[in-house]
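Engineer: Give me a 3D structure for the following:
(one chain, ligands or ions: 2)
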Amino acid sequence: MLPSPDTRGPMNVLLIGSGGREHALALALSKSPLLDKLFAAPGNPGIGTLAENVAVDVTNHAAVIDFCRLMKIDFVVVGPEAPLVAGLVDDLAAAGIPAFGPSKAAAQLEGSKGFTKDLAAEFDIPTAAYGRFKDKASALAYLDAHPAPIVVKADGLAAGKGVIVAISDVEARDAVESIFSGAFGAAGAEIVIEEFMEGEEASFFALCDGERALAFASAQDHKRVGEGDVGPNTGGMGAYSPAPVMTEEMSARVMRDIIAPTLRGMKARGAPYKGVLFAGLMLTKDGPKLIEYNARFGDPETQVMLPRLDEDLLPLLMQCAKGALRSKPVALSDRTALTVVFAAPGYPENPQKGSVIRGVEKAASMEGVVVFHAGTKRQGADLVANGGRVLNVTALGADVKQARDRAYAGLDAIDWPEGFCRRDIGWRALT
Ligand code: AMP
Ligand code: GLY
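Structural biologist: Numbers count the residues shown, from 1 in each chain. Ligands and ions are numbered 1, 2, ... in the order given. Have a look, this model is predicted:
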């Protein structure tokens, strides 16, 4: 729903991205009383019901800046990591346009695993023991001294696929061979090998303004494509928020032992971190440890965190960019949100595009249900699949069970015979 003229505020906002995460951001931003007009580049059909989708090439920073000047954009919100790592926020700032998200230097927390590991080592941030390698011989020598299970990672951005949890020594050596023979392109020019950590995983999000951090929310996702957590890794097949393991005490511990020293370290490196810091955590028997950082909101974690937000998102994001984050806790509903990813056949290896999807409106009218578009496209009057993760059927409920039952009822109201989902989203929180 576009804001009606009499409720419009003063600000024009440009949202960068086209996934389910950006649809959830668009929904939250569109409710802001501060908003006049919301634009999205490139957006998707779901976002198009809340914003004006514009075909600006986001890899062309000069074109983005020209668009911002032309449309009098007051604030830019960057969703995905690629434009952050490419320095879009730096170029916007140089042009006098404030934007939510870290600078290119600060986005190295996601862009280089080795950078993050070195920061953790220097600033006493609990994480797995590790080594960094630029050549095969030294990586293989490290494996000789550190038997499996062990984890081998391409240093750079590899679309979530550059991590091999090796159960055997042979697997670990194969991973080193394959990364150094170019399996992940330039992302694999360097390798990180690290200790295998045992525990429950959780995602934790903190808003940051360069100096201070404010806890935002927690979530848990389901990375494997198949029920029971089997099959290849994906961008995430479903998620829920909050993560029951992230108690208030655990969140405070993560803020103190992991997030705060990270902000100190980034400042000391001349790259103060502004934006949302997404910590992948392993809750080990020795306490929470950092697996990795992302320099952005999660997808699909955002689709379950933002429906729980009981206040205006826009001022919080602006405070991060301005370096003036408040200390009052974020107002979050204690209800649970759960999302199920409805994916195209063949995902993640080879998603097939083009099949027709019907009934999204019917699902979205059900109690507590919101359907976020990810990889969809309009083709004439039809909505068709246009990516791997196509829809995120999301529901709020009093607890995980009610949220789950509502989300699956919503999903079952959608008529898309080709699509598939996992039927066990939320299992860990329910057992
Ligand atoms: P990442 O892309 O770094 O989040 O890694 C993907 C997945 O690999 C994580 O969600 C974990 O399940 C697993 N993983 C990564 N690093 C480790 C580690 N050091 N020990 C155990 N599991 C890990
Ligand atoms: N769902 C994991 C991510 O956004 O990286």
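Engineer: From residue 235, how far off is the closest residue to residue 19 other than its chain neighbours?
Structural biologist: Nearest residue to residue 19, sequence neighbours excluded (Cβ to Cβ, 6 or more residues apart in numbering): residue 374, at 4.9 Å. C-beta: built from backbone N, CA, C; applies to glycine. When distance is defined by Cβ to Cβ, to the nearest Å, residue 374 is 9 Å away from residue 235.
Engineer: Would you mind naming what in the chain lies close to ligand 1?
Structural biologist: With Cβ under 6 Å from any ligand atom as the criterion, the chain meets ligand 1 at residues 128, 151, 160, 163, 165, 194-197, 201, 223, 280, 291-292.
Engineer: for the stretch 251-400 of the chain, what spans make up the strands?
Structural biologist: Using DSSP state E, counting those that start in this stretch, the strands of the stretch 251-400 of the chain run over 274-284, 287-294, 336-343, 356-357, 369-373, 376-379, 382-385, 389-397.
Engineer: Export these to a markdown table and append columns for mean neighbour count and mean pLDDT.
Structural biologist: Putting the strands of the stretch 251-400 of the chain into a markdown table (neighbours: other Cβ atoms under 10 Å; pLDDT from 0 to 100) gives the following:
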| stretch | mean neighbour count | mean pLDDT |
| --- | --- | --- |
| strand 274-284 | 22 | 98 |
| strand 287-294 | 21 | 97 |
| strand 336-343 | 29 | 98 |
| strand 356-357 | 18 | 98 |
| strand 369-373 | 26 | 98 |
| strand 376-379 | 16 | 97 |
| strand 382-385 | 20 | 98 |
| strand 389-397 | 27 | 98 |
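Engineer: out of the ones you listed, nearest to ligand 2?
Structural biologist: Closest of the strands of the stretch 251-400 of the chain to ligand 2 is strand 287-294, at 5.2 Å (criterion: Cβ to the nearest ligand atom).
Engineer: what helices or strands is the closest one leaning on?
Structural biologist: On a contact count with 3 or more Cβ pairs under 8 Å, 6 or more residues apart in numbering; DSSP states H and E, strand 287-294 meets helix 108-111, helix 113-122, helix 248-254, strand 274-284.
Engineer: and it with helix 113-122, angle?
Structural biologist: 140 degrees (axes from the mean of the first three to the mean of the last three Cα atoms, to 10 degrees).
Engineer: what's the pLDDT at the residue of the stretch 251-400 of the chain at minimum distance from ligand 2?
Structural biologist: The stretch 251-400 of the chain approaches ligand 2 most closely through residue 298 (3.6 Å), counting by Cβ to the nearest ligand atom. Looking at residue 298, its pLDDT reads 97.
Engineer: so who does the closest residue to it other than its chain neighbours touch?
Structural biologist: Of all residues not flanking residue 298 in the chain, residue 278 sits nearest, at 5.4 Å (Cβ to Cβ, 6+ apart). Residue 278 makes contacts with 203-205, 293-298, 301, as judged by Cβ atoms under 8 Å, 6 or more residues apart in numbering.
Engineer: gap between residue 278 and residue 205?
Structural biologist: Separation of residue 278 from residue 205 (Cβ to Cβ) stands at 5 Å.
Engineer: picking up where we left off before, is it possible to export the strands of the stretch 251-400 of the chain to TSV including distance to residue 426?
Structural biologist: As requested, these are exported to TSV (distance: least, Cβ to Cβ, whole Å):
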stretch	distance to residue 426
strand 274-284	18
strand 287-294	21
strand 336-343	5
strand 356-357	23
strand 369-373	15
strand 376-379	24
strand 382-385	24
strand 389-397	10
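Engineer: closest one to residue 253 among those?
Structural biologist: strand 287-294 (6.2 Å; Cβ to Cβ).
Engineer: before we move on, the earlier item: please name the bridge partners of the residue nearest to residue 298.
Structural biologist: Using DSSP bridges, the bridge partners assigned to residue 278 are residue 205, residue 294.
Engineer: And the one 10 residues further on, by the same measure?
Structural biologist: Taking DSSP bridges as the rule, residue 288 bridges to residue 283.
Engineer: Would you mind measuring from it to residue 151?
Structural biologist: Counting by Cβ to Cβ, the separation of residue 288 from residue 151 is 17 Å.
Engineer: what's the nearest residue to residue 56 if we skip its chain neighbours?
Structural biologist: residue 41 (4.3 Å).
Engineer: and the stretch 301-431 of the chain, which residues reach ligand 2?
Structural biologist: For the stretch 301-431 of the chain, the residues in contact with ligand 2 (Cβ under 6 Å from any ligand atom) are residue 301.
Engineer: now the helices for the stretch 301-431 of the chain?
Structural biologist: Along the stretch 301-431 of the chain, counting by DSSP state H, counting those that start in this stretch, helices occupy 301-305, 313-322, 360-364, 400-412, 427-430.
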